[in-house]
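> quick one, structure for this:
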Amino acid sequence: MRKLFKLLGFLLVPALIVGGAYGYYWYQVKSSADRMIDAAAPYAKITYARVVAGLDGSAGIGGVQVTPLGSRDSLLIGSVLFQAPDPLFYLDAEKTLREGNWPEHMSLSVNGLDMSLDADYLAQWQAMGQSLAVPQDGTGFEALACGDVQRFDLATTRAMNYKRLNMDLRVAMDFVPSTQSLRLRSDVTVAGMAQTGFYIDISQPSSAISVASLVQAQPSLERVTLDYSDLGYNGKRNRFCAQRGGFAPDEYPQRHSEMVQAELKKTGWTLSEPLVKAYADLQRPRVILQVIAEPPPGFGAQSIGTISSPEQLLDLLNLRVSVNGANQDLSGVKWSPNTDEAVAVSESDAPQVEVPAPEALAAGVVEKRAPQQDLVVELERPKSAPEPIIIDPDVVQVMPGIVVKAKAAEKTYKPTAVRQVHSYAGQKVKLRTYFGRKIEGTLVRVADGNLEVEQRVDRGVAVFPIAADKVAELSVWR
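As a prediction, this is how the structure comes out:
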């Protein structure tokens, strides 16, 4: 019997220790939640039904009811959860976050947020927003081709037969010390409306993540990604606007797109017809959109000062856009500060570029092509194709295959074919893109379809990749 009691004691002691530790963990979570609720008391009354303290590092509250100050209506939330790498983080979580020393992975999730569109606090928030916003004349872009509607507001949303909104949202941070890469992400799903995912990848020269390191290290932007999926909003909006405009719902996307195109021309923007069609497709039900921006290495706050036009910004961000999985050619986007000139721009005005056709290389024949076409520029030196004939004013051909110097070569910026640029790594170059952006610097290398050009900026140098098929003119110092 004595041995049995010893065995039970041996088993119970660890269980009591674990139970006590979990109890303390649960108490810390509840205390933190209560302090946050007390801090929010001047703005809203918050109650909750249960405390969540998971062994996987998830902690928070469930069955939440929030009643804004001065409101009779409440919004309901299924759960509010903070996710940390492990439960030990919560033993001193508030101090850790206050000092700016963050864990490598953490997130905040709000699940099952439910509100009525007739709630009085929504009307109060809308009135407050309108009082702070700058008054706008005319119809907003989003409401074009929607009858007499000028803005999509709370009343318009209710008229589209939305009575309640139910959504889930999550914001997260993930840091990888080995690559010094930080990802910030936001995911929002609104039932019956849409789903969005927004991701920002940042590089910072530090193996630890904190507020101080982000401020002092001047991190650079690596990549921005936006994913959007329609979950029913486009269909309801199309039916509502078609009814107000007096036409069939299937006609709305095209009519809206054409009116947006006309308004953009007034502000200096011109879009190619394929892009106008792609925008119309964005208005159709169940559409999927992805936008990716991959700026050059070292792109940070100081890089903004080098941008002189919207076109240059588009070019520098290296945007890729796909609608329903189809990639869009953004070379058809043009901007001019002179609106009269912008309206007159057409695809026939686009600059021409000489691109040698494969079968014409040996003869030295070049073919004129508009930049709107899909250009395939071979950047690596072909192994079997003969070299194209290069006409150099400094040499004279005395017989086939034999040339002599007519005079001492004088270095200057000489026009050069894009396909030949791989031979001039390390040389100074000048180029102009189809967007009108002019770049001058040192060619570092040619790889993966890009010309990597090193330029001097305020605080040093930065390398900018320029897509080879976007280069309209190229000159090399030689």
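
> contacts and neighbour counts: CA atoms only from here.
Fine.

> per-residue pLDDT, Thr270?
Reading off the confidence values, Thr270 has pLDDT 87.

> which residues does it bridge with?
Lys334 (DSSP bridges).

> repeat for Ser116
Arg164.

> quick check: it touching Met167?
No. Contact between Ser116 and Met167 fails when scored by CA atoms under 8 Å: they sit 11.9 Å apart.

> which of those two has more residues huddled nearby?
Met167 (20 against 17; other CA atoms under 10 Å).

> that one sits in which helix or strand?
strand 164-176 (DSSP states H and E).

> buried stuff in that strand?
Using 16 or more other CA atoms under 10 Å as the burial criterion, the residues of strand 164-176 that qualify are 166-175.

> cool, and stretch 227-237?
Buried residues in stretch 227-237, counting neighbours by 16+ other CA under 10 Å, are found at 227-237.

> mind saving the C-alpha coords of it as PDB?
C-alpha atoms of stretch 227-237 as PDB (Å, rounded to 0.1, in the frame of the first residue of the first chain):
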ATOM      1  CA  ASP A 227      -4.700  38.700 -54.000                       C
ATOM      2  CA  TYR A 228      -8.400  39.400 -54.500                       C
ATOM      3  CA  SER A 229     -11.300  37.000 -55.100                       C
ATOM      4  CA  ASP A 230     -14.900  38.000 -55.600                       C
ATOM      5  CA  LEU A 231     -17.400  36.000 -53.400                       C
ATOM      6  CA  GLY A 232     -20.600  37.600 -54.600                       C
ATOM      7  CA  TYR A 233     -20.300  41.400 -54.400                       C
ATOM      8  CA  ASN A 234     -19.800  41.900 -58.200                       C
ATOM      9  CA  GLY A 235     -23.000  40.000 -59.100                       C
ATOM     10  CA  LYS A 236     -25.100  42.000 -56.600                       C
ATOM     11  CA  ARG A 237     -23.500  45.300 -57.600                       C
END
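
> quick one: that stretch to chain centroid distance?
Distance of stretch 227-237 from its chain centroid, counting by CA atoms, centre = their mean, to the nearest Å, is 19 Å.

> got the contact list for it?
Contacts of stretch 227-237 with the rest of the structure, by CA atoms under 8 Å, 6 or more residues apart in numbering, involve 160-161, 191-198, 283-291.

> now which of these would you call buried?
Buried members of these, scored by 16+ other CA under 10 Å, are 160, 191-198, 283-291.

> strands - which of those residues land there?
194-198, 288-291 (DSSP state E).

> the buried residues of stretch 227-237 into CSV, with extra columns for distance to Thr156, pLDDT and secondary structure?
Output for these, formatted as CSV (distance: CA to CA, whole Å; pLDDT from 0 to 100; DSSP: H, G, I helix; E, B strand; the rest coil):
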residue, distance to Thr156, pLDDT, secondary structure
Asp227, 25, 95, strand
Tyr228, 22, 96, strand
Ser229, 21, 96, strand
Asp230, 18, 96, strand
Leu231, 18, 96, coil
Gly232, 16, 95, coil
Tyr233, 12, 97, helix
Asn234, 14, 96, helix
Gly235, 14, 96, helix
Lys236, 11, 96, helix
Arg237, 9, 96, helix
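
> among those residues, which one sits closest to Gln420?
Asp227 (37.7 Å; CA to CA).

> in stretch 235-246, what's buried?
235-242, 245.

> which residues of the stretch 1-150 of the chain fall in strands?
44-47, 50-53, 58-68, 75-83, 105-116 (DSSP state E, counting those that start in this stretch).

> low pLDDT regions in the chain?
The model of the chain has pLDDT under 70 over residues 1-22, 94, 98-101, 133-134, 205-218, 300-306, 308, 337-410, 434-436, 457-460.

> how is it carved up into domains?
43-344, 371-477 (automatic domain parsing).

> ranges for the helices of this protein?
Ranges of helices within the chain are 2-39, 93-98, 120-132, 154-159, 211-217, 233-245, 252-266, 273-282, 310-317, 339-344, based on DSSP state H.

> skip the chain neighbours and tell me the closest residue to Asp148.
Ranked by CA to CA, 6 or more residues apart in numbering and with sequence neighbours excluded, the top spatial neighbour of Asp148 is Arg244, at 7.1 Å.

> hang on, the one you found packs against Cys146?
Yes. Applying CA under 8 Å, one finds Arg244 in contact with Cys146, separated by 6.0 Å.

> ok, the closest residue to Asp250 other than its chain neighbours to Ala280 distance?
The shortest distance from Asp250 to any non-neighbouring residue, by CA to CA, 6+ apart, is to Asn238 (7.6 Å). Taking CA to CA, to the nearest Å as the measure, Asn238 falls 12 Å from Ala280.

> cool, Phe240 as well?
Taking CA to CA as the measure, Phe240 falls 17 Å from Ala280.

> now Asn450
Using CA to CA, one gets 31 Å for the distance from Asn450 to Ala280.

> and for Val171?
Using CA to CA, Val171 is found at 31 Å from Ala280.

> need the contact list for Met173.
By CA under 8 Å, 6+ apart, the residues touching Met173 are 104-107, 182-185.

> surely Arg478 touches Thr416?
No. Between Arg478 and Thr416 there is no contact under CA under 8 Å: 10.0 Å.

> neighbour count winner among the two?
Counted by other CA under 10 Å, Arg478 and Thr416 do not tie: Thr416 has more neighbours, with 17 against 14.

> so how far is Tyr424 from that one?
As defined by CA to CA, Thr416 lies at a distance of 10 Å from Tyr424.

> quick check: neighbours shared by those two?
Common contacts of Thr416 and Tyr424 (CA under 8 Å, 6+ apart): Val476.

> between Asn238 and Ala280, which contacts overlap?
Taking CA under 8 Å, 6+ apart as the criterion, Asn238 and Ala280 both touch Pro253.

> so what's the residue nearest to Asp148 up against?
146-148.

> hang on, the earlier thing: wait, which of the ones in strands among the buried ones among the contacts of stretch 227-237 is closest to Ala49?
Gln195 (28.5 Å).

> quick check: closest non-adjacent residue to the closest one.
The shortest distance from Gln195 to any non-neighbouring residue, by CA to CA, 6+ apart, is to Thr189 (4.3 Å).

> what pairs with the one you found across the strands?
Counting by DSSP bridges, Thr189 is bridged to Asp168, Gln195.

> was I right about it contacting Thr196?
Yes. Between Thr189 and Thr196 a contact is recorded at 6.5 Å, counting by CA under 8 Å.

> related to what we said a few turns ago, rebuild the contacts of Met173 as a markdown table, extending it with distance to Asp315 and neighbour count.
Formatted as a markdown table, the contacts of Met173 follow (distance: CA to CA, whole Å; neighbours: other CA atoms under 10 Å):
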| residue | distance to Asp315 | neighbour count |
| --- | --- | --- |
| Glu104 | 33 | 16 |
| His105 | 33 | 16 |
| Met106 | 34 | 18 |
| Ser107 | 33 | 18 |
| Leu182 | 24 | 22 |
| Arg183 | 23 | 18 |
| Leu184 | 24 | 16 |
| Arg185 | 24 | 19 |
